[in-house]
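Undergrad: quick one, structure for this:
(2 chains)
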Amino acid sequence: MTLWLIVFRSLRQHALSTVVTAMSVALAGGLLMSVWSVKEQSQAIFTGVNAGFDAVLGARGSKLQLVLNAIFNLESSPGNVALPDFQDIQSNPAVELAIPIAVGDNYLGYRLVGTVPEMFTQVEYAPGKHYEVGAGENFFDPNRREAVVGSFVAQKLHLKRGDKFHPYHGLIFNEKDQHAETYVVVGVMKPSNTPADRVIWIPLEGIQRMSGHDPNAATDVSAVLVKLKAPEAGFRLDMMYNRQGNRLTFAWPIGTVMADLFSKIGWFDQVLALVAYLVALVATLSILASIYNSMNERRREIAILRALGARRTTVFGAILLEAASISTLGMIVGFACYALIMVAVAGVIREQTGVVLVPMKFNMVMVWAPAALIILGALAGVVPAIKAYRTHVAEYLVPTS
Amino acid sequence: MALLDISKLRKTFVDPDGGRHAVVDIEAFSLPEKAQVALRGESGSGKTTLLNLIAGILKPDSGSIIIAGREMSALSEPDRDRLRATTIGYIFQTFNLLQGYTCLENVLLGMSFGPGVDREFAHALLNRVGLATRLKHYPRQLSTGQQQRVAVARALANRPKLVLADEPTGNLDHKNASESLALIRDACKENGAALLLVSHDREVLQQFEVVHGLEQLNRAVTVEVKP
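TA: Next up, the predicted model:
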C-alpha cells in the first residue's frame, strides 16, 4: 500500500511529464502492435483469399500479376486468353469449374468485371458461402445490359437497384472515355469481405463486345478462374502450361503465389518493425530521462522518507514501480492508439483491395508487446532508482548546522 | 538504564581542501527514559549532526550510541532504519512534511515504515494537535504553525520512545513558538516519550529543567569556536 501511495502521489506531482511520457509509450505500443497485427493479418488474409478457386489461367507473364488481377481485382491484365484455350481448360477432366472473367472498363474508377452467372450460382468464395444480393434483387441476366454492384462500390457510389450508368473505358477513370452502353443495376451484393465487394459485375459479353473494344478479341477473356477436382491435378496443369507450354501461365496454388509476394516484400515489414522497435526504445529512454531529470527535486522527498524509516530498497522499489506504472498507463492508452491505427489501416486496405482486416482481432502481439514495454519501462527506472537508492539522507534533509 | 547512552562519539567531515574536521566529539551523554532535555548550541555547533547520528541517519567515525539497549553502530542499515522507524520520532526545523501528501497521509506514511498503520491513532494524534478539521489539507494549505503541528503528530505516530527535535520553533513566531513547544512537551509526556531538543533560542531553553550546552558537551565545538 505504501509503495503504491508513494508512486501514485509521485505520478500526480509530476503529472505533465507522466502524461507526456505515457503518451510516448502509448504511441510506441500502439505502433508496435499495429505493425505486427497488420503484417500477420494481411499475410494470413491475402494468402488465404482465393475467392473459392485453386488457380488462375492467364496470358503468359507473371503469376503474381495474374493473381492480383483476377483474384484481387488489382493490377492490369497481362493479356488475353483465347476462346479455345478457355474451352480447353473448361473441358479438362481435372477441372471442376472454370469461370472466365474479362476486365478493361470501369465506372468512376471502380473496375467492371465481366463474368458468367456461374460465378454467383456455383462458386463458394469461402466454405459454404455464396455471393448474395439483397432481398428482391437478382444477379444479372447474361443476355442483358445488367450489373450487380459490390457492396463497397454501392456504398461509395450510392448505387442501388434500378440505377443506370455508362461504363468508361480502361481501368483508370477518364471522363472522356465514356462508353455509349447503358447498364442497369439489378442487384447490390451483400458484403463478402472479399475483393468482390469493390467491383461491378456485368455479363462477360458486355466487356467483350463493349463499343470501342477490339472486335477481333471479342471472344477472348482476361483470365480463367479454375477450381480443381483434386489438388494434385495442379501439378500436372502446372507442368502442362508453365513448363511445356509457352503461351499461357497457370498460377497455382494461389496462396503460394501470394506468399511469394510477402516474402519479396518481407524487407518492408522488417523496416516497419525496426521503426516500431526504435520508437519503443525512444519511449523507454523518455521514461528514464523523465524520472532521472526529476531526481534532484525528488531527493529531498526521498531523504524525508528515509528519515521516517523507509529503507533504501523501499525507495528503489518505488522508483521502479513508478517507471513500470508509467509504461502500464502508456500501454492502456496504447490499446486505444492501436485501435485507431488499425481502423485507419483497415479502412485503407479495404478501400484499396476489398479485403477486410479485423482491427481488434486477438494477436499474441497484444500480450507480448505490452509485457515487453512494461518490463522495458521498469528497466528504464533502474538508473534513477539507483540514484534514489544512493541518496545521502542527511545531505538532502536539512543543512548541517 | 538510560534510554540513550552516548560514549566517545566522534564524527568528522572532509573539508573542501581535503582535510578532515570534527563536527561531533562527545565523551559521554545519556538521556533517561521519559526525560525532557534541551541542548543549547549556536549555528555550527553540531546540533543537527548529533541528532542525525542518534537517529542513525549518519554513521559515526567512532564511539557508540545505545538506544533502548541497542548499539546503533552494530546494526545494519536496514536495522537502523527499522529502529529509527519504531523507536525514534524526529521533528525537523523545516518540518520536512511531504508536500504531495495530506496531513493524514503524512502521519500514516510515517506509520507504514514502523509497526504498522493505525488510522484511529493517526486521527487521535491530529485531533490532539488541533488539526482534526485539516486531515485532508496539504501542507501548502496550512499555516506554518499548523505544519509544525503535523510534524509533531508524525513524530509521535509510531509511539516512539525518543523524540528528537531540531530547532522545532526556529521557523515560528513568538506566540506560535510557545504554543508549539508546549504541545511537543505535553504530547511527549502523554505518549511516554523522552524528548531531546536542540535549540539556540533562550526562550525555548528556559522552558526546560535540564539544559546542556553543546559547547561543554561537544569537544569539537570548543576546537572550532575557540581555537
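Undergrad: quick one, strands of the stretch 201-350 of chain A?
TA: Counting by DSSP state E, counting those that start in this stretch, one finds strands in the stretch 201-350 of chain A at the ranges A:223-228, A:248-251.
Undergrad: the residue of chain B found nearest chain A and residue A:31: what is the separation?
TA: Shortest chain B-to-chain A distance, computed as Cβ to the nearest Cβ: residue-wise this is residue B:85, at 2.4 Å. Any C-beta I mention is one placed from the backbone N, CA and C, and that applies to glycine too. Shown here: residue B:85 relative to residue A:31, a distance of 45 Å by Cβ to Cβ, to the nearest Å.
Undergrad: can you check residue A:228 too?
TA: Separation of residue A:228 from residue A:31 (Cβ to Cβ) stands at 42 Å.
Undergrad: between the two, which has more neighbouring residues?
TA: Between residue A:228 and residue A:31, counting by other Cβ atoms under 10 Å in any protein chain shown, residue A:31 is the more crowded of the two (24 against 21).
Undergrad: determine the longest helix present in chain B.
TA: Assignment by DSSP state H gives helix B:174-190 as the longest helix of chain B.
Undergrad: so what touches that helix?
TA: Outside of helix B:174-190, the residues within contact range by Cβ atoms under 8 Å, 6 or more residues apart in numbering or on different chains are B:34, B:36, B:91, B:125, B:128-129, B:144-145, B:148-149, B:152, B:156, B:163, B:165, B:168-169, B:172, B:194-195, B:197, B:201, B:203-204, B:207.
Undergrad: at 7 Å instead, please
TA: Applying Cβ atoms under 7 Å, 6 or more residues apart in numbering or on different chains, the external contacts of helix B:174-190 come out as B:36, B:91, B:128-129, B:144-145, B:148-149, B:152, B:156, B:163, B:165, B:168-169, B:172, B:195, B:204, B:207.
Undergrad: give me the next element, helix or strand, following it.
TA: Where DSSP states H and E defines the elements, the next helix or strand beyond helix B:174-190 is strand B:194-199.
Undergrad: that next one - which strands sit beside it in the sheet, and in what orientation?
TA: As defined by DSSP bridges, the strand partners of strand B:194-199 come to strand B:36-40 (parallel), strand B:162-166 (parallel).
Undergrad: please name the nearest non-neighbouring residue to residue B:39.
TA: In space, and not counting its chain neighbours, residue B:39 is closest to residue B:198: 4.4 Å by Cβ to Cβ, 6 or more residues apart in numbering or on different chains.
Undergrad: for that neighbour, list each beta-bridge partner.
TA: Beta bridges link residue B:198 to residue B:39, residue B:166 when assigned by DSSP bridges.
Undergrad: near chain A, which residues of chain B? Just list them.
TA: Neighbours of chain A within chain B, by Cβ under 7 Å from any Cβ of the partner chain: B:43-45, B:47-49, B:52, B:57-58, B:77-78, B:81-82, B:84-85, B:90, B:92-94, B:96, B:98, B:100-101, B:105, B:109-110, B:112-114, B:166.
Undergrad: residues in contact with the most centrally placed residue in chain B?
TA: Centrality entry for chain B: nearest residue to the mean C-alpha point is residue B:164, 2.0 Å, by Cα atoms, centre = their mean. Residues near residue B:164 by Cβ under 7 Å, 6+ apart: B:51, B:54, B:55, B:88, B:90, B:196.
Undergrad: again with residue A:51
TA: Going by Cβ under 7 Å, 6+ apart, residue A:51 touches A:71, A:125, A:194, A:196, A:225.
Undergrad: could you look up the SS state of it?
TA: Classification of residue A:51 by DSSP: H, G, I helix; E, B strand; the rest coil places it in coil.
Undergrad: what about the residue in the stretch 201-350 of chain A positioned nearest to chain B, distance to residue B:56?
TA: Proximity of the stretch 201-350 of chain A to chain B (Cβ to the nearest Cβ) peaks at residue A:309, 2.4 Å away. Distance from residue A:309 to residue B:56, counting by Cβ to Cβ: 10 Å.
Undergrad: quick revisit: hmm, the residue nearest to residue B:39 is touching residue B:52, no?
TA: No - taking contacts as Cβ atoms under 7 Å, residue B:198 lies outside contact range of residue B:52: 11.1 Å.
Undergrad: let me see the ranges of the helices in the stretch 251-400 of chain A.
TA: In the stretch 251-400 of chain A, the helices defined using DSSP state H, counting those that start in this stretch lie at A:254-264, A:266-293, A:295-307, A:312-353, A:365-380, A:382-389, A:393-397.
Undergrad: and what of chain B?
TA: Under DSSP H, chain B gives helices at B:47-55, B:77-87, B:103-112, B:119-128, B:144-155, B:174-190, B:202-205, B:214-217, B:219-225.
Undergrad: how about TSV for those helices, with mean neighbour count and mean pLDDT added?
TA: Formatted as TSV, the helices of chain B follow (neighbours: other Cβ atoms under 10 Å in any protein chain shown; pLDDT from 0 to 100):
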stretch	mean neighbour count	mean pLDDT
helix B:47-55	26	93
helix B:77-87	19	92
helix B:103-112	24	94
helix B:119-128	17	93
helix B:144-155	25	92
helix B:174-190	17	88
helix B:202-205	15	90
helix B:214-217	18	85
helix B:219-225	17	55
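Undergrad: residue A:388: which of those helices is closest?
TA: With Cβ to Cβ as the criterion, residue A:388 lies closest to helix B:77-87 of the helices of chain B, at 14.4 Å.
Undergrad: now residue A:226: closest residue in space that isn't a chain neighbour?
TA: Using Cβ to Cβ, 6+ apart and skipping residues adjacent in sequence, the residue nearest residue A:226 is residue A:55, 4.4 Å away.
Undergrad: for that neighbour, give me its contacts.
TA: Contact analysis of residue A:55 by Cβ under 7 Å, 6+ apart lists A:226, A:228, A:234, A:237, A:250, A:251, A:252, A:253, A:254.
Undergrad: hmm, try it at 10 Å
TA: Contact analysis of residue A:55 by Cβ atoms under 10 Å, 6 or more residues apart in numbering or on different chains lists A:63, A:66-67, A:70, A:89, A:95, A:98, A:224-228, A:231, A:233-234, A:237-238, A:241, A:250-254, A:257.
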